[in-house]
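Peer 1: quick one, structure for this:
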Amino acid sequence: PVYQPVFFYNDMGNYMVTGEFLPVKPWVANFPWYMELPGLQEKIIEALEKNKVIRVVFVPFKNEGKYVPGSYVPKLIDQYIKANYKIDKKINNDLFLLKRFDD
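Peer 2: Numbering: from 1, shown residues only. You can find the predicted model right below:
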């Protein structure tokens with residue numbers, strides 16, 4: 001089988017593990033203590049471009065505080081996702097499948 005890389009955005013790895021997906025590397029949980037490391041968001045965006053990632057599994061952000069896991073929005077990645085992906089399928093209220101605009 002041919003595998004397409006998938007980016008898991010604001011998912012702590014649950015869907016990745018249960019779906020037996022391999023993430024785009026570098027894979028980092030969407031925690032502020034990782035995402036705020038200098039240059040990390042840029043590396044993730046470079047990997048999305050290099051791997052020509054077509055699909056993003058997205059869990060909507062909560063509103064529990066700027067640096068709370070599940071609510072934390074990594075600014076550069078969020079700008080990139082909004083500029084390059086659209087909702088393709090709503091799986092349920094807690095899960096969306098996004099697809100790249102140019103595909």
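Peer 1: okay, CA-based contacts and neighbour counts for the rest of this
Peer 2: Will do.
Peer 1: mind checking the pLDDT average for the strand ranked longest in the chain?
Peer 2: When the chain is parsed with DSSP state E, its longest strand is strand 85-92. For strand 85-92, mean pLDDT is 95.
Peer 1: equivalent analysis for stretch 53-63, please.
Peer 2: pLDDT averaged over stretch 53-63 gives 92.
Peer 1: then stretch 27-45?
Peer 2: 88.
Peer 1: quick check: Lys99 is in a strand.
Peer 2: Yes. Applying DSSP: H, G, I helix; E, B strand; the rest coil, one finds Lys99 inside a strand.
Peer 1: what segments of this protein are strands?
Peer 2: 6-9, 55-58, 85-92, 95-100.
Peer 1: which strands and helices sit next to the longest strand of the chain?
Peer 2: Contact analysis of strand 85-92 by 3 or more Cα pairs under 8 Å, 6 or more residues apart in numbering; DSSP states H and E lists strand 95-100 as its packing neighbours.
Peer 1: next one: the strand it packs on to chain centre, how far?
Peer 2: Mean C-alpha position of strand 95-100 versus that of the full chain (Cα atoms, centre = their mean, to the nearest Å) differs by 9 Å.
Peer 1: name the residues that touch it?
Peer 2: For strand 95-100, contacts defined as Cα atoms under 8 Å, 6 or more residues apart in numbering pick out 53-60, 84-91.
Peer 1: understood, closing this out.
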